[in-house]
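Student: Pasting a predicted model and its sequence here:
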Amino acid sequence: LFLTHGQDGRVWDVDGNEYVDMISSLMPIVLGYRDADVDYAIRNQLTRGISFSLPTTLEQELARVLCDIIPSAEMVRFGKNGSDATSAAIRMARAYTGRDRVIVCGYHGWQDWYIGATARNKGVPSAVQNLTTMVPYNDLEAFDKVFTGHPGEIACVIMETANVTEPKPGFLQGVKDLAHKHGALLVFDEIITGFRFALGGAQSLFGVTPDLSCFGKAMANGMPLSAVVGRRDVMMEMEKIFYSGTFGGEALSLAASLATIDKLKREAVIPRLWSLGADLAEDVNALIEKHELGHVFGLVGFAPWKVLVVQDHANIRKEAIKTMFLTEMLARGVLLNASHNVCWTHNATDMARTRQAWDGALVAVKQGLTSGTLIEQLKAPIIEPIFKVR
């Protein structure tokens with residue numbers, strides 16, 4: 001249940017067990033644990049101070065870097081987590097358009113405006129829930145239907161630029177055109193894709209520039225930092241809305257981000273994420289085929305973030321199958337949740353260990369399925385999903 005420390009692509013728990021970490025702190029760890037350059041930047045800033053009574057020049061320096069590498073960035077505002085950035089984008093969009101309704105596509109954090117549209121909406125007023133409509137990815141017709149159903153009411157579309165599915169040709173541009181046609185803004189949630197898929201986010205891969213974008217996770221290699229960036233005229237709404245946090249300008253995270261981005265520029269980090277993820281996925285798919293479990297297990301999405309898919313089998317729920325699979329992976333020294341979150345310092349030994357764990361875990365699951373005793377063999381309570389968003 002508890003970890004003590006990490007190094008490169010591995011972590012250790014309180015009992016001294018060592019794991020290849022395929023969670024990577026839910027993806028902020030893009031370079032690896034205890035990266036020397038990032039740690040040096042943090043220690044160096046620590047000698048100067050952490051939080052201050054006025055902004056530091058680090059904010060301006062990092063803002064300039066982000067504007068240089070992110071196509072949609074003309075101005076920048078910082079936060080501490082992804083929900084800060086996405087919620088700031090929604091408030092600015094509502095202020096800029098004078099409208100209340102929002103279309104969402106993907107996962108965008110824990111705040112009321114988004115979570116009210118999911119099954120986990122307890123505690124969110126119904127009036128707030130009713131302002132948000134969730135639309136499937138790659139379904140341009142569904143977007144159009146919401147716009148036409150609420151003429152002049154939609155403030156913005158906020159969507160994951162890419163998640164577990166490749167965007168259909170013209171889809172992203174089609175959403176942008178629809179939004180602008182109806183007087184709404186387009187917001188790309190690049191919390192996951194930014195600094196993992198590409199330095200400038202998935203928008204730089206697909207060539208579609210939104211009005212606002214949200215970044216976080218990997219931008220500081222584990223330090224708490226996020227950013228909302230976008231068009232100058234929209235970002236100027238920051239002068240009129242209220243968006244404030246005591247630790248928004250906290251200097252250790254800003255220094256860490258500058259060091260992280262510098263290393264992402266200097267080294268072939270992101271290409272390595274693509275190659276590592278692709279090679280691992282190819283080997284895992286071969287193992288799934290070898291054990292004749294293609295009807296149960298699969299991987300979807302992009303190489304730097306391959307997502308595990310588990311299907312029901314006969315009378316055994318996918319949740320029970322996934323529970324057994326993850327506990328078997330743990331027993332073989334691989335910490336895995338729902339996806340392959342590779343980092344730059346995952347090495348050949350880590351990859352080999354992960355492949356071996358997959359092989360052994362698939363054997364165990366197949367035996368449980370074939371014998372019909374999988375439920376009886378479970379060593380932990382069955383994992384239950386919180387809600388489905390993709």
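Tutor: On my side now, so go ahead.
Student: for the closest residue to residue 345 other than its chain neighbours, what are its contacts?
Tutor: Nearest residue to residue 345, sequence neighbours excluded (C-beta to C-beta, 6 or more residues apart in numbering): residue 32, at 3.1 Å. Yep, even glycine has a C-beta here, placed from its N, CA and C like the rest. Taking C-beta atoms under 8 Å, 6 or more residues apart in numbering, we find residue 32 in contact with 7, 8, 9, 343, 344, 345, 346.
Student: What subset of those residues is buried?
Tutor: 8, 9, 343, 344, 345, 346 (16 or more other C-beta atoms under 10 Å).
Student: Among the contacts of residue 32, which pair sits farthest apart?
Tutor: Farthest pair in the contacts of residue 32 (C-beta to C-beta) is 7 and 344. Separation: 13.1 Å.
Student: What distance do you get for the nearest residue to residue 273 once chain neighbours are set aside to residue 26?
Tutor: Sequence neighbours aside, residue 304 is the residue nearest to residue 273 in space, at 4.1 Å (criterion: C-beta to C-beta, 6+ apart). Noted for residue 304: a distance of 14 Å to residue 26, by C-beta to C-beta, to the nearest Å.
Student: Those two: which is more packed in?
Tutor: residue 304 (27 against 13; other C-beta atoms under 10 Å).
Student: Surely that one and residue 270 touch.
Tutor: Yes: when contacts are counted by C-beta atoms under 8 Å, residue 304 is listed as touching residue 270 (7.4 Å).
Student: shared neighbours, these two?
Tutor: Common neighbours of residue 304 and residue 270 (C-beta under 8 Å, 6+ apart) are 196, 197.
Student: Low-confidence ranges, the chain, go.
Tutor: Scanning the chain for pLDDT under 70 picks out nothing.
Student: let's see it at 80
Tutor: For the chain, the stretches flagged by pLDDT under 80 are 387-390.
Student: domain assignment for it?
Tutor: Residue ranges for the domains of the chain, per the TED database: 3-32+268-377, 36-266.
Student: Those into JSON lines, with extra columns for distance to residue 384?
Tutor: Below are those laid out as JSON lines (distance: least, C-beta to C-beta, whole Å):
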{"stretch": "domain 3-32+268-377", "distance to residue 384": "6"}
{"stretch": "domain 36-266", "distance to residue 384": "12"}
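Student: All the strands of the protein, in order from the start?
Tutor: 3-7, 10-13, 18-21, 75-79, 101-105, 132-134, 154-160, 185-189, 212-215, 226-230, 297-302, 305-310, 334-335, 339-340 (DSSP state E).
Student: Next, format the ones you listed as a markdown table and append distance to residue 316.
Tutor: Listed next are those as a markdown table, based on distance: least, C-beta to C-beta, whole Å:
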| stretch | distance to residue 316 |
| --- | --- |
| strand 3-7 | 31 |
| strand 10-13 | 29 |
| strand 18-21 | 27 |
| strand 75-79 | 42 |
| strand 101-105 | 32 |
| strand 132-134 | 29 |
| strand 154-160 | 31 |
| strand 185-189 | 34 |
| strand 212-215 | 39 |
| strand 226-230 | 40 |
| strand 297-302 | 13 |
| strand 305-310 | 11 |
| strand 334-335 | 23 |
| strand 339-340 | 22 |
